[in-house]
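In: I'd like to go over a predicted model; first the sequence, then the structure.
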Amino acid sequence: MGCCNRSCGLIAGIAIGAALALLGGILFPVGDNLIVESVLEEAVIQNGTPTYENWLTQGGGTLRQFWFFDVQNAREVVEEGATPVVVEKGPYSYWTRYLPKMTVKFNPNDTVSYSILNEAVFEPLYSSGTEMDVISTLNLAVAYNYTFDGPYNIFTGKDDVTKVGTIDKWRRSRTLDFWNDTYCNMINGTDGSNFAPYVDATKPLYFFSSDICRSVSASYERSLELKGIPVYRFTLLASTLASPLENPDNHCYCRDLETTKNCSMAGVLDISSCQKGQPIYISLPHFLHGSPSLLESVKGLKPILDEHDTYLQVEPMTGITLGFSKKIQVNMMYGPSKVITVLKKVNSSTIFPLVWMNESAELDDESATMLKMALVDSITMLDVIRKLLLGVGLFIFALCLILYIVVRCKGKRIV
């Protein structure tokens, strides 16, 4: 009777072990499917989803910092036509985009419209000077405060989650009218705050930047962690502002053959067509990735990739941008003039750097904790549970099976 009880107990153990291992095995595909369904549902921009909350208000706001180029030899430039020598002065920092998106309206075609207020508040804590500092440069008014960006109209992803955040219209139009070319006037991708879930690191991310009046793409650079959350870092490639000779896609951004030396100049973008005709050129700070002639025409510049590149840090499952640093430089073209007295001594046209800006934001600690609990910790817990069930189940199954075989063998020898 004792041997029978022992055998029955071991058989029960084998059954329990097999059941636990089977449950653990089932949880792998089933659990993954549940996670996918949950992520796809919460990626939609609608009331109650984490994506909506992150999209509506960027926790902590955005820090916009300015570095001005102070001309050290202004008299020599004007009187003798000398090469400008500049010294970077800054940063001067402002909190912006800390208010929720404005005039938010959900539309019947599964889109949502909104505008962004560019209100800025000076932040002395992150500034090296005051707003009263005097800087010698070309006279160009650069105003950002109390202006509006938009209106935007984007897809919510409700009907097709792969389209979430994709811009349908900007300023009530599906195309731009700055470039006199269908390709360059395309509005591609999102506004950069979020992308479709399950980001593919092998494919570029497309987004539209109203600051430079065009769409751009960012490519995967590396994986890292931001406050305990795994993210993909995407950066702009050097080809973004390359000359049309290096990147034919940029042919329609070349507008002035003389200034761009027959479209051979790299690193600058003429945006005068979207700045009321002002001779404004956009580049990366210190003419990063620019033609050598840009650095030769102004002394004191030193491009450094790690300091001057633009990047996005995107959580790959949800597609939400958790951190970013958008860096651009505003330049102005000046040259010989018989009308403007101070430019009579200038020998050649020069694209002169006025100021460079770093607009950056990062997920605040409270939001990071909530996202980590909802996403990272839950996935980790599920992974631990299913591996534990599978491991313990297989262990119990194997142990009880071995003991059962041993008991059976001993029983036969006794008989």
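Out: Good, I have the coordinates.
In: going forward, measure contacts between C-alpha atoms and count neighbours the same way
Out: Noted.
In: do you know the pLDDT at the nearest residue to T202 once chain neighbours are set aside?
Out: Spatial nearest neighbour of T202, excluding adjacent residues (Cα to Cα, 6 or more residues apart in numbering): Y220 at 7.0 Å. pLDDT for Y220: 97.
In: tell me the SS of Y220?
Out: Of the three states, Y220 takes strand according to DSSP: H, G, I helix; E, B strand; the rest coil.
In: which strand residues bridge it?
Out: Bridge pairing for Y220 (DSSP bridges) gives the partners F234.
In: ok, now which ones touch it?
Out: By Cα atoms under 8 Å, 6 or more residues apart in numbering, Y220 lies in contact with A201, T202, K203, P204, Y232, R233, F234, T235.
In: apply 6 Å and report the result again.
Out: When contacts are counted by Cα atoms under 6 Å, 6 or more residues apart in numbering, Y220 touches A201, R233, F234.
In: make TSV from those residues and add neighbour count to it.
Out: Formatted as TSV, those follow (neighbours: other Cα atoms under 10 Å):
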residue	neighbour count
A201	16
R233	23
F234	22
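In: ranges for the helices of the stretch 1-150 of the chain?
Out: All helices of the stretch 1-150 of the chain, identified by DSSP state H, counting those that start in this stretch, fall at 2-42, 50-56, 74-80.
In: wait, M357 touches S325, no?
Out: No. Counting by Cα atoms under 6 Å, M357 stays clear of S325, with 9.9 Å between them.
In: test my guess that V231 contacts V314.
Out: Yes. Using Cα under 6 Å, V231 makes contact with V314 at a distance of 5.2 Å.
In: circling back to that earlier point, turn the contacts of Y220 into JSON lines, columns for distance to L176.
Out: Below are the contacts of Y220 laid out as JSON lines (distance: Cα to Cα, whole Å):
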{"residue": "A201", "distance to L176": "28"}
{"residue": "R233", "distance to L176": "28"}
{"residue": "F234", "distance to L176": "25"}
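In: of all those, which comes closest to I16?
Out: A201 (41.9 Å; Cα to Cα).
In: circling back: V231 and V314: which has the busier surroundings?
Out: V314 (27 against 23; other Cα atoms under 10 Å).
In: residue nearest the centroid of this structure?
Out: L312 (2.6 Å; Cα atoms, centre = their mean).
In: contacting residues around that residue?
Out: L312 neighbours (Cα under 6 Å, 6+ apart): R233, F234, F324.
In: switch the cut-off to 8 Å
Out: Y232, R233, F234, T235, T321, G323, F324, S325.
In: so C184 makes contact with Y253?
Out: Yes. Counting by Cα atoms under 8 Å, Y253 is a contact partner of C184 at 7.2 Å.
In: pLDDT and distance to T369 added to the contacts of L312, as JSON lines?
Out: Formatted as JSON lines, the contacts of L312 follow (pLDDT from 0 to 100; distance: Cα to Cα, whole Å):
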{"residue": "Y232", "pLDDT": "98", "distance to T369": "18"}
{"residue": "R233", "pLDDT": "98", "distance to T369": "20"}
{"residue": "F234", "pLDDT": "98", "distance to T369": "23"}
{"residue": "T235", "pLDDT": "97", "distance to T369": "26"}
{"residue": "T321", "pLDDT": "92", "distance to T369": "16"}
{"residue": "G323", "pLDDT": "93", "distance to T369": "15"}
{"residue": "F324", "pLDDT": "95", "distance to T369": "19"}
{"residue": "S325", "pLDDT": "96", "distance to T369": "22"}
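In: so T235 is in contact with R222, correct?
Out: No. T235 is beyond contact range of R222, at 9.4 Å (criterion: Cα under 8 Å).
In: compare these two and say which is more crowded by neighbours.
Out: More crowded of T235 and R222, by other Cα under 10 Å: T235, with 22 against 12.
In: the residue nearest to the more buried one when sequence neighbours are not counted - how many residues pack around it?
Out: Counting by Cα to Cα, 6+ apart, T235 lies nearest to Y311, which is 4.3 Å off, once chain neighbours are set aside. A total of 20 residues lie near Y311 under the criterion other Cα under 10 Å.
In: mind listing what Y311 touches?
Out: Y311 touches A218, R233, F234, T235, L236, F324, S325, K326, counting by Cα under 8 Å, 6+ apart.
In: and it, bridged to which residues?
Out: Bridge pairing for Y311 - DSSP bridges - gives T235, S325.
In: how close does it get to M357?
Out: Per Cα to Cα, to the nearest Å, Y311 is found 14 Å from M357.
In: now the common contact residues for those two.
Out: Contacts common to Y311 and M357, judged by Cα under 8 Å, 6+ apart, are K326.
In: torsion angles phi and psi at Q278?
Out: phi -70, psi 140 (degrees, to the nearest 10).
In: next one: it from S272, what distance?
Out: 5 Å.
In: more neighbours: these two, which one.
Out: When Q278 and S272 are compared on other Cα under 10 Å, the one with more neighbours turns out to be S272, at 17 against 14.
In: end to end on stretch 40-57, go ahead and measure it.
Out: Between the opening and closing residues of stretch 40-57 there is a gap of 21 Å (Cα to Cα).
In: going forward can the numbers begin at 755, since that is how I track them
Out: Sure, I'll start counting at 755 from here, so that last one is stretch 794-811.
In: am I right that K859 is in contact with S869?
Out: No. Between K859 and S869 there is no contact, the gap being 10.0 Å when judged by Cα under 8 Å.
In: more neighbours, these two?
Out: S869 (18 against 11).
In: give the bridge partners for the more buried one, please.
Out: In beta-bridge terms (that is, DSSP bridges), S869 pairs with M856.
In: equivalent analysis for F823, please.
Out: With DSSP bridges as the rule, F823 is bridged to E842.
In: now do it against L1148, distance only.
Out: Noted for F823: a distance of 68 Å to L1148, by Cα to Cα.
In: thanks a lot, catch you later.
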